[in-house]
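> sequence plus the predicted model coming up.
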Amino acid sequence: MLLVAVHPWDIHGAARAGMRTAWLNRSGGSYPEHFQDPDFTVTTLTGLPTALAAGD
């Protein structure tokens, strides 16, 4: 299972629950240091398949 979200707090909560995560960083902002890092970061949803393939 993989949670894909634009909000870092959703990523953080899912990661703390043991899920794999992908952050859709559409704004180009920085990820908050105090949250658990996502497994994948992409800038567009269409970039997710490439990121997933590279991460396996």
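Happy to help now that I have it. Residues are numbered from 1 along each chain as shown.
> from now on I want contacts and neighbour counts done on CA atoms only, so please keep to that.
Fine.
> list the contacts of residue 22.
Residues in contact with residue 22 (C-alpha atoms under 8 Å, 6 or more residues apart in numbering) are 2, 3, 4, 5, 11, 38, 39, 40, 41, 42.
> wasn't residue 21 part of a strand?
Yes. Secondary structure of residue 21 (DSSP: H, G, I helix; E, B strand; the rest coil): part of a strand.
> picking up where we left off before, most neighbours, which of the contacts of residue 22?
residue 11 (26 neighbours; other C-alpha atoms under 10 Å).
> now do the SS call for that one.
Criterion first, three-state DSSP; result for residue 11: helix.
> ditto for residue 49
Classified using three-state DSSP, residue 49 is helix.
> kindly state the pLDDT recorded for it?
For residue 49, the pLDDT comes out at 95.
> count the neighbours of it for me.
11.
> from residue 41, how far off is it?
Separation of residue 49 from residue 41 (C-alpha to C-alpha, to the nearest Å) stands at 11 Å.
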